[in-house]
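Visitor: below are the sequence and a predicted model for it; my questions follow.
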Amino acid sequence: MSPPSSFLRPTTAAIDRLPYLVTGLVLFLVKYGIDWLISTQLFGRPWTPLNYLIWPDERTLHIFDLPEADRVYAVTLLAVSLPFICIGVILTVYRLRAAQLPLPLILLFFLPIVNLVLFLVLVIVPTRPLEVEEVHEPLGEGIRLIRLRKKHLEATGGSAFKTGLLAVALSVPLTAGVVALGAVVLQNYGFGLFVGSPFALGLISVLLFGFSRPQSIGNCIRVALAAGTLVGLVILLLAFEGALCLIMLAPFAYVLTFLGALVGYAIQSRPWASPQSPYLCLALLAFLPGVMAAESLNEAMPEVRAVRTEVVIAASPERVWQNVIAFPPLAEPDDWLFRSGIAYPKCATIQGTGPGAVRHCVFSTGAFVEPIDVWDAPTLLRFRVTDQPPPMQEWSPYEIHPPHLDHYLVSQQGEFRLTALPDGRTRLEGTTWYTNRMWPAAYWGLWSDYIIHRIHLRVLEHIRSLAEAEPPGAP
């Protein structure tokens, strides 16, 4: 005699070939229609199904380094794709179960062109019957997940505080390991490190937090932000990075962690989606190293940025010029920025005169070597930068030298331009052309522009004080 139906339970959640095919085609048509409308009507660009077959290149891997119009277009399409990606992952996991194929094949879903082959295989391979097991003899994967959730609930006692601690304890080491891989091993400071890692941390920590039962949005956000803070402390204590760079990154990283937490909350609060959370976590942990490796092998050339600062000096261009080409030591700064570890100028010397002379601008971390290209006294001094010291000294309990201190913030050229003004005054402009390989350039450029501007002001104010202090009869 068969047991009552109340004692029977299917071992897995699955979807058959025909529903999977129809759903996939409908989702594709809906997404194609949305992408076509966005491309043609909002951005005036063509869009065809062939756009989905293009393998990622330098433009797609570095969308935030594109010109503004291209960047907005790419980010819009990416944002629209996210809901379709989530639905596709869940349906593909169901189909893999139905065909009794290895679930790690879900990773192929994220590979362009390869994912089409996976879709075709899942449509062709027949569904194998799902076994029905008695509850007191659970053998299926779904039952194992239920058991794991039960143990998770027993271990935490249903306490939101204990559940949050466990979520943080699991997500923080995983994220710190991904950061170490990107920054220390691959030495790549790009999308995977600065965007993918904090977003994944917020998402994974919340999915772990709501693993045994849904949690409130407030608690989810608190757990994610706590995990983000602890990741920063772990990175600092393990000497992967210094405090100053972590402080600079914090506003950007907290926002992305918050967004990841919102997505995680939406998933864990819905029973139909939450069974897939372990696979989503594994997919993210596998996806991020792949993105970092791809970026490391295909790094975009950074754009050249220019920072221009000017002061007006109550002295003639001839008097100002003498203090531009070289100047005596400055007093030690009391500026919070330079006291925090940012390199600051101390003095400048010059060897020779005219084009070919070599100027040395000595900073707190070393000297810039600046061969003169244009010597047009007393109006223009332009030079190249052939060698430079580290841009900062990191705050850290240890002696550290992160990879980004070498060849990431690179000065390429500089100039001083003097313009005679009425009443014997001079406008002195200092300009630096540089590149910054840190990503996203729009965010890190705000910091580097500000720092270079403050460096300019320190030098220009010193030149002004020297020129204005000279006696009136001085040349």
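Guide: Yep, that arrived.
Visitor: so where does Thr353 fall, helix or strand?
Guide: If you go by DSSP states H and E, Thr353 is not part of any helix or strand.
Visitor: wait, it touches Trp375, no?
Guide: Yes. With contacts counted by CB atoms under 8 Å, Thr353 reaches Trp375, the gap being 7.0 Å. Quick note: C-beta positions are derived from backbone N, CA and C, even for glycine.
Visitor: more neighbours, these two?
Guide: When Thr353 and Trp375 are compared for neighbours, Trp375 comes out ahead with 16 against 11, by other CB atoms under 10 Å.
Visitor: check which residues of the strand or helix carrying the more buried one are buried.
Guide: Element membership for Trp375 (DSSP H and E) is strand 366-376. Within strand 366-376, the residues scored as buried using 16 or more other CB atoms under 10 Å are 367-370, 372, 375.
Visitor: what residues does that strand touch?
Guide: Strand 366-376 is contacted from outside by 343, 350, 352-362, 380-390, 411, 414-415, using CB atoms under 8 Å, 6 or more residues apart in numbering.
Visitor: next up, the contacts around the residue sitting nearest the centre point of the chain.
Guide: Taking CA atoms, centre = their mean, the centroid of the chain lies closest to Phe194, which sits 2.0 Å from it. Residues counted as contacts of Phe194 (CB under 8 Å, 6+ apart) are 249, 252-253, 438-440.
Visitor: can you give me the strands for the stretch 251-400 of the chain?
Guide: 304-313, 345-351, 358-363, 366-376, 380-384 (DSSP state E, counting those that start in this stretch).
Visitor: and the shortest one, how far from the chain's centre?
Guide: The offset between the C-alpha centroid of strand 380-384 and the centroid of the whole chain comes to 35 Å, using CA atoms, centre = their mean, to the nearest Å.
Visitor: and what of stretch 29-37?
Guide: Here stretch 29-37 shows a centroid-to-chain-centroid distance of 28 Å under the convention CA atoms, centre = their mean.
Visitor: please apply the same query to stretch 85-104.
Guide: 29 Å.
Visitor: so, low pLDDT: which residues of the chain?
Guide: Low-confidence segments of the chain (pLDDT under 70): 1-13, 53-68, 112, 129-145, 270-276, 470-475.
Visitor: longest helix in it, by number of residues?
Guide: In the chain, taking DSSP state H as the definition, the longest helix is helix 68-98.
Visitor: what helices and strands are in contact with that helix?
Guide: If contacts are counted by 3 or more CB pairs under 8 Å, 6 or more residues apart in numbering; DSSP states H and E, helix 68-98 sits against helix 17-37, helix 58-61, helix 114-124, helix 277-297.
Visitor: to Val184, which of those lies closest?
Guide: Of all the helices and strands packed on helix 68-98, it is helix 277-297 that lies closest to Val184, at 11.3 Å by CB to CB.
Visitor: only the buried residues of the closest one, if you could.
Guide: For helix 277-297, the neighbour count (16+ other CB under 10 Å) marks 277, 279-281, 283-284, 287-289, 291-295 as buried.
Visitor: same question, stretch 199-212
Guide: For stretch 199-212, a neighbour-count test (16+ other CB under 10 Å) marks 199-212 as buried.
Visitor: and the residues you listed as a markdown table, adding secondary structure and distance to Pro83?
Guide: Below are those laid out as a markdown table (DSSP: H, G, I helix; E, B strand; the rest coil; distance: CB to CB, whole Å):
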| residue | secondary structure | distance to Pro83 |
| --- | --- | --- |
| Phe199 | helix | 15 |
| Ala200 | helix | 18 |
| Leu201 | helix | 21 |
| Gly202 | helix | 17 |
| Leu203 | helix | 14 |
| Ile204 | helix | 19 |
| Ser205 | helix | 21 |
| Val206 | helix | 18 |
| Leu207 | helix | 17 |
| Leu208 | helix | 22 |
| Phe209 | helix | 22 |
| Gly210 | coil | 20 |
| Phe211 | coil | 23 |
| Ser212 | coil | 26 |
